[in-house]
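>>> Please work out how this folds:
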Amino acid sequence: MRSRAGLVSLVVVGLAFAGCGGTNKAASTAARRFSPPPPPPGPPAKSVTYSVKLGSNANGPRTRARARSVHPSGFALVSIKGASNELCWNFSQIKNVIPAPTEAAIEGQLSVGFISAPIEGEGYTPSGCLEKPLTLLRLIEASPHKLYVNIQSRTHPERGLRGRL
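All right, here's what the predicted structure looks like:
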């Protein structure tokens, strides 16, 4: 009898351990599904367009060699489309950026810290639109005078373009 009771208790303990950690796969998959966070409270971003004159972003003293060199220049139209939470851009008359631009961003120091929002999709493109977080669009809208459009090459960022929104 004792051996039978010991065997039964051993089987019960084994079954209890076998059941631990088992999960219903459908329930755990459903719990891990991504759902986007709700939009921040408050009004949607406003639709606005900024016209930006771009110039050399080279810093430092003006040397004779730099005085004779050709300076990069161009224009940018940056738009926020509030209804669709998109940041759109159109770069035109880009001149003397050597090597060719590979990246563009809106950058600057705000009260929340330094922001850098890329404004290109797969590498540099002269025009387009990308969906951006509502919080970022509101930050741009609140302090455009503190932000810059930067267009540059990864290999020579000092030879790029920069202009204040």
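
>>> Break this protein into its domains for me.
Listed by automatic domain parsing, the domain ranges of the chain are 2-32, 48-164.

>>> Going by mean pLDDT, which of the ones you listed comes out lowest?
In terms of mean pLDDT, the lowest-scoring of these is domain 2-32 (a mean of 50).

>>> host element of the nearest residue to residue 107 once chain neighbours are set aside?
Sequence neighbours aside, residue 116 is the residue nearest to residue 107 in space, at 4.6 Å (criterion: C-beta to C-beta, 6 or more residues apart in numbering). Quick note: C-beta positions are derived from backbone N, CA and C, even for glycine. Per DSSP states H and E: residue 116 is located in strand 113-118.

>>> CA atoms only for the helix or strand following that strand - export them in CSV, please.
Using DSSP H and E, the helix or strand that follows strand 113-118 in sequence is strand 127-131. Provided in CSV are the C-alpha atoms of strand 127-131 (Å, rounded to 0.1, in the frame of the first residue of the first chain):
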residue,chain,number,x,y,z
SER,A,127,10.9,65.8,-52.4
GLY,A,128,8.4,63.7,-50.5
CYS,A,129,6.2,63.2,-47.5
LEU,A,130,6.5,61.0,-44.4
GLU,A,131,4.1,60.3,-41.6
